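Enquirer: Sequence and predicted structure below; questions after.
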Amino acid sequence: MSLALPAKAGEAVRRGPSPRTMIAALVLALIVALALAAPLVAPFDPLDQDLRALNQPPGPEHWLGTDHMGRDVFSRLVMGARTTLMVGFGGALVAFILGAGFGLVALSLGRVAETVMFALIDLVRAMPDVLLALLLIVALGAGAQPVVIALGVAFAPFFAYVARATFHREAVKDYVTAARLFGGGKLHVLRLHLAPNLVGGLVTQAAILLPRCVVTESVLSFLGLGSSPDEPTWGRMVADASRYIETSPHVILAPVIAIILLTLSLSILGEAVRRNLDPLRAAGEAKL
Amino acid sequence: MTAPLLSLRNLIISAGGRRLVDGVSLDLEAGRTLAIIGESGSGKSLTALSLLGLLPDGLEVDPATRITVDGRVLAPRDERGWRALRGRRIAIVFQDPMACLNPFMRVGEQIEETLQRAGIAAPAERRQRIVTGLAEVELPNPAALATRYPHQLSGGQQQRVMIAMALAGEPDLLIADEPTSALDASVQADIVALLARLQAKRRLALLIITHDLAVAGVLGHSIAVMQHGRVVETGPAAEVISRPRDPYTARLVGARRRLADVPAAQTMARPVAVTAEAVCVDYSARRLFGTSFRAVHGASLSLLAGRTLGLLGESGSGKSTLAAALAGMRPLADGRIRLLGHALEPRGKPLPDALRRRCQMVFQNPYGALNPRLTIGRALAEPLALARVPASAQAARIVAGLNEVGLDADHAMRYPHQLSGGQRQRACIARALLCEPEVLICDEVISALDMTVKVQILDLLKRLQAERGFAMLFVGHDIEAVRWISDEVLVMHQGRIVERCRPEQLELSAVRDPYTRRLLSARLMPKFDGAIVEKPGGQPRLQVSTAADCLPAW
């Protein structure tokens, strides 16, 4: 049964972003701007200890109060945003390059290579990602760089799976057969027909994994395995403040709310990116 | 005669200011069959849905619309009123039975649901009714069949179950929306014959929605032709088909009639483009140590330059697999293909790119054959770039190629989804021809298109072949189309070529193979000379021979 839909469906679909997406973009822009301008915005040195004012509530001098060592929470928050964002985005980027690269090499080498190489990926995936990152950090040593690499390896399988699924879905399309009939080789098909479809899926996956990287980084810092102690990160702030959660809850609330805001806005934006790049949406308009 | 069972006055359905159905009025009396015929987008399905109060949300129905069922006026959105009628007074059978049957429920349970809604409380009586219902749609061994799941039945059996379900509530009006379009030709005839018998036996008012003139002509007492949301012509079936008044109906009938006339075959010696000798093609096993499935068994054929070979078969007959093998796109399990002088053998050398370009394919679904992310112009540039045509020369070749298939240079800017099905298929043909092929393989190229567009595409292919002289393999399941375009016809069944004849010999009197005979006798043909005789009392007026009638008597 076919239903005639208005011919201008394409226009109706291409409306502007929803208010939800706009708010998420604003929040993310604010966090990134604060992180970039942190040295200018932060009223105090994030490592400066004011031992006369421990666990102060928010006030005119310390906007978000101080922690158990008398450090200004707001300054630590904006400075910590730099590390947190850097490690989160870096981890997602490394995962993207590792996963998509490894996956595409496996796929273009043929069925046997694909089976063997994806068995390896399954092996990596079989371990919980936090545990895997933990093991890697223990092997590589603490600091921002090892964390980025650990996150990248832990999340790379997701990108490889997405690449494989898209590849197999597109490879059976008639236009790929047609391209082969025109004498197009594997590289040609990959470049002209598969790459645009792959980019959509992979970018979507990156948008979904970004918030997970931020959270995992915070978890690692919370466990004391993240970057070095003199670099404030949101995870470390949560870890430090957790001991004083009963006496001064505001200290832990600040980084927790920041993490929630960042991951929420990233998730909403990721969802918007996914919807906009979904190949089914572009293809589905005419078919429906 | 009393008031009609169903009366529809001035049905207007619009979406966003655009009228999808524009002032349709219909009457249907008990014991009569009305066939609504039209192409996709003509509004025929929406009209049918409105008669069940099932219109999708977001569509506006004009307040002037009046739907009267059995003397009662019903508002289009009166859910409570419609629910009382659905299943009990009015029932519907949809196109795709697999999509309509719940895969988790046994056949009997699904029919029982209808019976329960119809108010039959006693379980014993319901069981009895399920068996008689399944027997009524001529399913063998109904008691056992009721315990099966839908996927264990064939497409034709599923559709019979759907009909049994629709009839379980003893409705007075049965709406069948493209009931046979998803089925193979030989099954289609059986279902049409069944509907005709049931209609006569139960004195049903039957509303058939179809795009197929033959189905409408065989089943309908009267026919309403729809185009762009309007009824352009109504009248007794025989009259509409033999003496169409409206230009659109005339085009529709003319398209079908043209295919019925087989053009005279030419006899001229031609060079051979492709030969196949005892070709076998396997689908490899999905699992380790699984057995592979042989889709083509020992097919031999030869394709001459400038001639068309028709390959006729139903779904699953292996015809598309054979076509792909001939283009060098599938490894052979056994046998040998000579394609333009190159030998293709099991585990042999692959086709060199320069030769591969000389053999092109056009596919069934023109949407899947065009990358949705590329404009038509960029899609057409692909074969040129791969053939190392300099970029400066490409644009002129693309425009020339588009003009050759009846498209404009403007179309190069558009994306596939901005074109109609016929235009997309033309673009696919233009793209294939840019390779200057010597062999063109058309794999069900017209199956997804509307009738009038089908004939245009067939004309186009024939003209292009005359101009360019390529050899063509035309794969299809539509007997008329294959016969019309081909110089020789092969019939495939279960992976084997069972019949090989000239197109004009493709008649019941001339073919020997039992399967081909079955295929031919199952064909529905409207009589263009007005030979359909109106019989009183709603009897089926045209005996459709079923598969059993024409099996050879051994």
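Expert: Good, I have the coordinates. Numbering: from 1, shown residues only, chains lettered A, B, ... in the order given.
Enquirer: and the helix or strand containing residue A:195, what's its mean pLDDT?
Expert: Element membership for residue A:195, per DSSP states H and E: helix A:195-222. What helix A:195-222 shows for mean pLDDT is 80.
Enquirer: Tell me the gap between it and the middle of its chain.
Expert: 3 Å (CA atoms, centre = their mean, to the nearest Å).
Enquirer: Go through it and flag the buried ones.
Expert: A:195-198, A:200-222 (16 or more other CB atoms under 10 Å in any protein chain shown). Glycine gets a C-beta too; all of them are placed from N, C-alpha and C.
Enquirer: now swap in stretch A:55-70 and tell me
Expert: Applying 16+ other CB under 10 Å to stretch A:55-70 flags A:55, A:56, A:62, A:64, A:65, A:66, A:67, A:70 as buried.
Enquirer: who touches that stretch?
Expert: A:43-44, A:49-54, A:72-74, A:76-77, A:237, A:240-241, A:243-244, A:247-248, A:250-251, A:254 (CB atoms under 8 Å, 6 or more residues apart in numbering or on different chains).
Enquirer: Equivalent analysis for stretch B:119-134, please.
Expert: B:107-108, B:111-112, B:115-116, B:142-143, B:145-146, B:160-161, B:164-165, B:167-168.
Enquirer: Among these, which one lies nearest to chain A?
Expert: residue B:165 (16.7 Å; CB to the nearest CB).
Enquirer: So the strand or helix carrying the closest one, near chain A or not?
Expert: Residue B:165 is part of helix B:155-168 when elements are defined by DSSP H and E. No: judged by CB under 8 Å from any CB of the partner chain, helix B:155-168 and chain A are separated, with a smallest distance of 13.0 Å.
Enquirer: residues touching the closest residue to chain B within the stretch 51-200 of chain A, list them.
Expert: For the stretch 51-200 of chain A, the residue closest to chain B is residue A:183, as judged by CB to the nearest CB, at 3.5 Å. The contact partners of residue A:183, by CB under 8 Å, 6+ apart, come to B:353, B:354, B:356, B:357, B:386, B:387.
Enquirer: ok, now how distant is the residue nearest to the spatial centre of chain B from residue B:116?
Expert: For chain B, the residue nearest the mean C-alpha position is residue B:181 (4.9 Å; CA atoms, centre = their mean). Using CB to CB, to the nearest Å, we find residue B:181 at a distance of 30 Å from residue B:116.
Enquirer: mind listing what's buried in stretch A:82-95?
Expert: Buried, per 16+ other CB under 10 Å, within stretch A:82-95: A:82-95.
Enquirer: and if you look at stretch B:440-453?
Expert: B:440, B:441, B:442, B:443, B:444, B:445, B:446, B:448, B:449, B:450, B:451, B:453.
Enquirer: what about it, average pLDDT?
Expert: 87.
Enquirer: Distance from stretch A:260-274 to the middle of the chain?
Expert: 9 Å.
Enquirer: List of residues touching that stretch?
Expert: A:17-18, A:20-21, A:23-25, A:27-28, A:31, A:84-85, A:203-204, A:206-208, A:210-211, A:214-215.
Enquirer: go on, stretch B:73-84?
Expert: Counting by CB under 8 Å, 6+ apart, B:50, B:52, B:53, B:54, B:55, B:61, B:65, B:66, B:67, B:68, B:72, B:85 sit against stretch B:73-84.
Enquirer: ok so, going back, so among the contacts of residue A:183, which ones count as buried?
Expert: Buried, going by 16+ other CB under 10 Å: B:356, B:357, B:386, out of the contacts of residue A:183.
Enquirer: can those residues go into a markdown table with extra columns for distance to chain A and pLDDT?
Expert: Below are the buried ones among the contacts of residue A:183 laid out as a markdown table (distance: CB to the nearest CB, whole Å; pLDDT from 0 to 100):
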| residue | distance to chain A | pLDDT |
| --- | --- | --- |
| B:356 | 5 | 86 |
| B:357 | 5 | 88 |
| B:386 | 5 | 89 |
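Enquirer: Neighbours of residue B:375, how many?
Expert: 17 (other CB atoms under 10 Å in any protein chain shown).
Enquirer: quick one: contacts for it?
Expert: Contacts of residue B:375 (CB under 8 Å, 6+ apart): B:412, B:413, B:414, B:415.
Enquirer: rerun that using 10 Å as the cut-off
Expert: Each residue near residue B:375 by CB atoms under 10 Å, 6 or more residues apart in numbering or on different chains is listed here: B:381, B:411, B:412, B:413, B:414, B:415, B:416, B:418.
Enquirer: Generate a PyMOL selection restricted to the buried subset of those.
Expert: Restricted to buried positions by 16+ other CB under 10 Å, the PyMOL selection for the contacts of residue B:375 reads:
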select buried, chain B and resi 381+411+412+415+416+418
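Enquirer: Give me the number of neighbouring residues for the residue in chain B that chain A sits nearest to.
Expert: In chain B, the residue that lies nearest chain A is residue B:417 (3.1 Å; CB to the nearest CB). Burial measure for residue B:417: 17 neighbouring residues, criterion other CB under 10 Å.
Enquirer: what's the distance between it and residue B:213?
Expert: Distance from residue B:417 to residue B:213, by CB to CB: 29 Å.
Enquirer: ditto for residue B:427
Expert: 28 Å.
Enquirer: on that earlier part again, cross-check the contacts of stretch B:73-84 against chain A and keep the overlap.
Expert: Among those, the residues within reach of chain A (CB under 10 Å from any CB of the partner chain) are residue B:55.
Enquirer: Just the contacts of stretch B:73-84: which are in helices?
Expert: Secondary structure from DSSP state H places B:50, B:85 of these in helices.
Enquirer: Test my guess that residue A:90 contacts residue A:147.
Expert: Yes: with contact defined as CB atoms under 10 Å, residue A:90 counts as touching residue A:147 (8.4 Å).
Enquirer: got any residues that touch both of these two?
Expert: A:213, A:217.
Enquirer: And residue B:18, what's its pLDDT?
Expert: 82.
Enquirer: Determine the number of other residues adjacent to it.
Expert: 14.
Enquirer: outside of stretch A:100-118, which residues touch it?
Expert: With CB under 10 Å, 6+ apart, stretch A:100-118 has contacts from A:119-121, A:124-125, A:156-157, A:159-168, A:171, A:186-187, A:189-190, A:194-195, A:198-199, A:201-202, A:205-206.
Enquirer: Leaving aside the residues adjacent along the chain, what's closest to residue 178?
Expert: Going with chain A. residue B:369 (5.8 Å; CB to CB, 6 or more residues apart in numbering or on different chains).
Enquirer: oops, I was thinking of chain B
Expert: Going by CB to CB, 6+ apart, residue B:178 has residue B:95 as its nearest residue, at 4.0 Å.
Enquirer: Please give me every residue in contact with that neighbour.
Expert: Here residue B:95 is in contact with A:1-2, B:45, B:159, B:162, B:176-183, B:209-210 (CB under 10 Å, 6+ apart).
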